[in-house]
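Peer 1: coords below, sequence missing:
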Ligand code: R5P
C-alpha cells in the first residue's frame with residue numbers, strides 16, 4: 001500500500017501513511033505559466049493499493065484531485081481509495097432556488113473518478129453518500145474531539161443546530177457528558193439567529209461542536225447565547241476549520257478555545273483524523 005497526498009492534504013497524508021506504516025509518495029504539484037496544474041507522482045505504483053488524500057476545496061484542489069487520480073490509473077495501481085477529508089460544496093446539497101445546481105451531487109460523480117472506494121470525514125450531510133456509484137464511507141472525528149473535550153472537563157456538548165445532534169451525541173459519549181442542541185435560523189450568509197438553549201448552562205463548561213466553521217457566525221452567535229445564559233466557559237470545536245477572513249481571530253476573542261481537526265491546515269488543528277482514517281482503510 002502507498003499513500004499519495006495532494007497539496008490540499010499533504011500533512012494529513014503524511015500522518016495517515018505513518019498510522020498505516022506505509023510509504024507516503026513523493027509528488028510534484030505546480031502551475032504552468034497559463035495557470036493550468038501540473039502533477040507528478042515519483043513512486044512506482046504498479047500493483048499497489050493506493051490511498052489518495054486530497055480535499056475537495058478550494059476549487060484548484062479539485063482539479064488536482066482529478067489529475068492525481070488519472071496519474072494513479074496511468075501508474076497501473078491495483079486499487080484506489082480516494083480520501084476526501086473536506087468535501088467542498090457539501091452545503092449545496094439541494095436546489096435552494098430554481099436554476100441552481102445540486103453541487104454536492106454533481107461533484108460526487110466526479111470525485112469518484114477511477115476510484116474503488118471513496119472515504120469522507122464528517123461530511124455535512126450523509127445522504128450525499130447515496131450519490132456515489134462506488135463504495136463510499138464517512139468516518140467521524142467526533143470520538144476524537146470528544147476525548148479532547150473530556151480532558152477539558154466539559155459538562156455539556158451543544159450542537160448549534162438540530163441537524164448536528166448526532167455529531168454532538170457522539171462527542172458527548174466520548175466526553176462522558178450531556179448533549180443538547182440550539183435552534184438556528186440563518187438570516188443570510190453572515191448572520192444567524194438562535195433560540196435559547198433549554199438546558200441550564202449556568203456555571204457549566206460548554207463545548208459547541210459543529211462539522212464546519214466557515215465565517216464563524218454560527219459559533220459566535222451560539223457562544224454569546226451560552227455566555228448570556230451563564231456558561232462558565234465555552235469551547236468551539238469543529239471537524240473542518242475553514243476560518244474564512246478574520247474568523248479565527250474573532251472566534252479566539254469570543255470563546256475560551258477554538259478546536260479543529262487536521263482535515264484543513266489551520267492554527268486550531270489539535271485533533272488528528274489520521275487514526276480514524278487508518279482504521280477505515282485497514283478494515284477494507
Ligand atoms: C451549516 O449547516 C454547517 O453545519 C455550519 O454550521 C456552518 O457551515 C457554519 O458556517 P459559519 O461558520 O459561516 O456560520
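Peer 2: Structure's in. What do you need? Keep in mind it's a predicted model, so treat the numbers as computed, not measured. Numbers count the residues shown, from 1 in each chain.

Peer 1: going forward, measure contacts between C-alpha atoms and count neighbours the same way
Peer 2: OK.

Peer 1: by contact count, what packs against the strand or helix carrying residue 207?
Peer 2: According to DSSP states H and E, residue 207 maps onto strand 205-213. For strand 205-213, the elements it packs on are strand 156-159, helix 165-175, helix 217-228, strand 233-241, judged by 3 or more Cα pairs under 8 Å, 6 or more residues apart in numbering; DSSP states H and E.

Peer 1: list the contacts of it.
Peer 2: Contact with strand 205-213 is made by 122-124, 149, 153-160, 164, 167-168, 171, 219, 222-223, 231-243, as judged by Cα atoms under 8 Å, 6 or more residues apart in numbering.

Peer 1: on that earlier part again, ok, which of the helices and strands packed on strand 205-213 comes nearest the ligand?
Peer 2: helix 217-228 (3.6 Å; Cα to the nearest ligand atom).

Peer 1: what angle do that closest one and strand 233-241 make?
Peer 2: 170 degrees (axes from the mean of the first three to the mean of the last three Cα atoms, to 10 degrees).

Peer 1: give me the buried entries from the contacts of strand 205-213.
Peer 2: Those of the contacts of strand 205-213 that meet the buried threshold are 122-124, 149, 154-160, 164, 167-168, 171, 219, 222-223, 231, 233-243, by 16 or more other Cα atoms under 10 Å.

Peer 1: dihedrals phi and psi, residue 84?
Peer 2: Dihedral pair for residue 84: phi -110, psi 90, per degrees, to the nearest 10.

Peer 1: show me what contacts it?
Peer 2: 53-56, 118-121 are the contacts of residue 84 under Cα under 8 Å, 6+ apart.

Peer 1: narrow these to those in strands?
Peer 2: 53, 118-121 (DSSP state E).

Peer 1: now residue 62. Nearest residue, chain neighbours left out?
Peer 2: Across the structure, with Cα to Cα, 6 or more residues apart in numbering as the measure, the residue nearest residue 62 apart from its sequence neighbours is residue 56 (5.1 Å).

Peer 1: can you give me the helices for the stretch 51-200 of the chain?
Peer 2: Per DSSP state H, counting those that start in this stretch, the stretch 51-200 of the chain has helices spanning 59-74, 103-111, 142-150, 165-175. These are given in chain order.

Peer 1: how about a markdown table for the ones you listed, with distance to the ligand added?
Peer 2: Compiled in a markdown table, the helices of the stretch 51-200 of the chain are given as follows (distance: least, Cα to the nearest ligand atom, whole Å):
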| stretch | distance to the ligand |
| --- | --- |
| helix 59-74 | 17 |
| helix 103-111 | 14 |
| helix 142-150 | 14 |
| helix 165-175 | 10 |
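
Peer 1: in the stretch 1-150 of the chain, which residue sits closest to the ligand?
Peer 2: Nearest residue of the stretch 1-150 of the chain to the ligand: residue 124, at 6.3 Å (Cα to the nearest ligand atom).

Peer 1: if we ignore the residues flanking it in sequence, what's nearest that residue?
Peer 2: Using Cα to Cα, 6+ apart and skipping the chain neighbours, the partner closest in space to residue 124 is residue 90 (5.8 Å).

Peer 1: of the helices and strands packed on strand 205-213, which is nearest residue 283?
Peer 2: Evaluated with Cα to Cα, the helices and strands packed on strand 205-213 place helix 165-175 nearest to residue 283, the distance being 20.9 Å.

Peer 1: got the contact list for the closest one?
Peer 2: If you take Cα under 8 Å, 6+ apart as the criterion, helix 165-175 is touched by 142-150, 154, 156-159, 178-181, 209-211.

Peer 1: separation between residue 51 and residue 183?
Peer 2: Per Cα to Cα, to the nearest Å, residue 51 is found 39 Å from residue 183.

Peer 1: er, residue 92 I mean
Peer 2: Residue 92 sits 20 Å away from residue 183 when distances are taken as Cα to Cα.
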